[in-house]
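please find the sequence and the predicted model below.
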Amino acid sequence: MSKQNINYSRQKNQNNILDLEEKYMHIIENIVTSRTFLEDLKNIESETQEYYEILQEVWGKKNKIKDASERLLRHHMYTNFNGVENFYPSPISCDIALELKDIILNLDVKTIDKVGNKGELDSTQFEHNQTSFLNDPVDGSGSFPGFKVKSNLQAIDSRTGKPLLTYLVKIGYSDDGHGNFKLINDSKYPSIVVTCLPNGILSNLFDNNLFLNFKDYIYYAAHDGPYYKPKYITSNDEFSNLNQNNKFSRIEQNTDIPDHWERIIGKNKIGYYDNEKKQLWYTVQRKKDNHKDIFLEAVKYGNTARFNDVWLEERYNSKNKYWCGERKYYRIYDKLNEEFN
């Protein structure tokens, strides 16, 4: 992984983007930590608690405040930015996409339940339409060169010539699925996290190397052709108790592995790389009728990728002055009980 290198020579447009990213980071931070924004979030909390059973039936456990939070952030972005010139017409964008006087602002909202997804409060994940950062392939092993990281967002808008800046706002809450819902307001988990994802024009300043790995993968299936038919290995109970070498042995005992397939050890998985077809296969756990089995399946691509949060936090502007590119706010709702000047 690579943090932003301030010793690299920079182009004029890179310096401009560095300063714009810092500028709008501070603006967004001020908005989402303002008293009015926090009061509105608490209103969402009260509504969710009051209508919990209805929301549980409609949305299920994980998604009760997502739409309301997106609506809230969109409202505050429109009312707090004086320079909103237009909406952003491209379908490749984040939840909120606005044309401002000097940038195209892309802002994604993530609501994170600490009951089931607490790790996501301390890690930054993204979808392909939420970043323009150009990263080298990740998770390579042996002859496998690694997964290409898709970045579908434009770095510079072709219509206006304005840079597209991307920010994530994460809102933490707790929902046990049994009526106990509340926004996080403690010292262990952040209440709100604001993150700036570097624009693609800045990729070389981070050595094109900000991504850690993928949260999940998309796999081929039998309907994609005979070659892609998943290979049954064994039950998960047996497989999980084997060490790495024995896992490979079990795979090779239970299915045909051609000689030109190379053993691959990824960050979180093991598998094989077909050197002739240039195709990676990973072991995958599948559940059916309360029974878990292990299959060997061909990987299409990595789906949800993770940034290196340490390097996201350490940012520098055009004058090499430090600023924080990922800010975590703990006990933020205590501000509602404080006196404001």
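All right, it came through fine.

rest of the way, CA atoms for contacts and neighbours
Will do.

what's near enough to touch L197?
Contacts were defined as CA atoms under 8 Å, 6 or more residues apart in numbering; by that measure L197 touches T131, F133, L165, T166, Y167, L168, L312, G325.

please redo it, this time with the cut-off set to 10 Å
The neighbours of L197, taking CA atoms under 10 Å, 6 or more residues apart in numbering as the test, are 21, 124, 126, 130-133, 165-168, 210, 307, 312-313, 325-326.

show me the contact partners of the helix or strand hosting L38.
According to DSSP states H and E, L38 maps onto helix 35-50. By CA under 10 Å, 6+ apart, the residues outside helix 35-50 that reach it are 30-33, 52, 54-56, 64-65, 68-69, 72-73, 75-76, 171, 173, 179-183, 332-336, 338, 340.

off-centre distance for the following helix or strand past it?
Reading on from helix 35-50 to the C-terminus, the next helix or strand found by DSSP H and E is helix 52-59. Its chain's C-alpha centre lies 26 Å from the corresponding centre of helix 52-59 when counted by CA atoms, centre = their mean, to the nearest Å.

repeat that for stretch 52-63.
Its chain's C-alpha centre and that of stretch 52-63 lie 24 Å apart, by CA atoms, centre = their mean.

low-confidence ranges in the stretch 151-300 of the chain?
Low-confidence segments of the stretch 151-300 of the chain, defined by pLDDT under 70: none present.

so which residues of it form helices?
Secondary structure of the stretch 151-300 of the chain by DSSP state H, counting those that start in this stretch: the helices cover 236-240, 244-254.

which other residues reach the last one?
The reference is to helix 244-254. Under CA under 10 Å, 6+ apart, the answer for helix 244-254 is 231-234, 238-243, 257-258, 263-265, 269-272, 283, 294-296.

buried ones among those residues?
With neighbours counted by 16 or more other CA atoms under 10 Å, the contacts of helix 244-254 contain buried members at 231-234, 239, 263-265, 270-272, 283, 294-296.

restricted to strands, list those residues.
Under the assignment DSSP state E, those contribute 231-234, 263-265, 270-272, 283, 294-296 to strands.

could you dump these into TSV and include distance to N303?
Conversion of those to TSV gives the following (distance: CA to CA, whole Å):
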residue	distance to N303
K231	22
Y232	23
I233	24
T234	26
R263	22
I264	19
I265	19
I270	17
G271	18
Y272	19
T283	16
I294	20
F295	19
L296	18
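
ok, the residues you listed vs R10, which is closest?
When those are compared for distance to R10 (CA to CA), I265 comes out closest, at 37.1 Å.

does the closest one touch L280 like I think?
No. Proximity of I265 to L280 does not meet the contact threshold set by CA atoms under 10 Å, at 11.1 Å.

joint contacts of those two?
Listed contacts common to I265 and L280 are G271, Y272; contacts here mean CA under 10 Å, 6+ apart.

buried residues in stretch 310-322?
Residues of stretch 310-322 classed as buried by neighbour count (16+ other CA under 10 Å): W311, L312, E313, R315, Y316, N317, S318.

okay, now the domains of this protein?
Structural domains annotated on the chain: 12-215+305-337, 218-302, as defined by automatic domain parsing.

ranking those by burial, who's on top?
Each of those was scored by mean neighbour count; the highest is domain 12-215+305-337, a mean of 18, by mean count of other CA atoms under 10 Å.

what is the mean pLDDT for stretch 9-21?
With pLDDT averaged residue by residue, stretch 9-21 scores 98.

nearest the middle, which residue of this structure would you pick?
A centroid search over the chain (CA atoms, centre = their mean) returns Q125, at 1.4 Å, as the residue closest to the centre.

tell me who's in contact with it.
Contacts of Q125 were listed using CA under 10 Å, 6+ apart, and they are 110, 168, 211-215, 304-309.

cutoff 8 Å now
By CA under 8 Å, 6+ apart, the contact list for Q125 reads K215, T304, A305, R306, F307.

partner residues bridging the last one?
Spelled out, that is F307. F211 (DSSP bridges).
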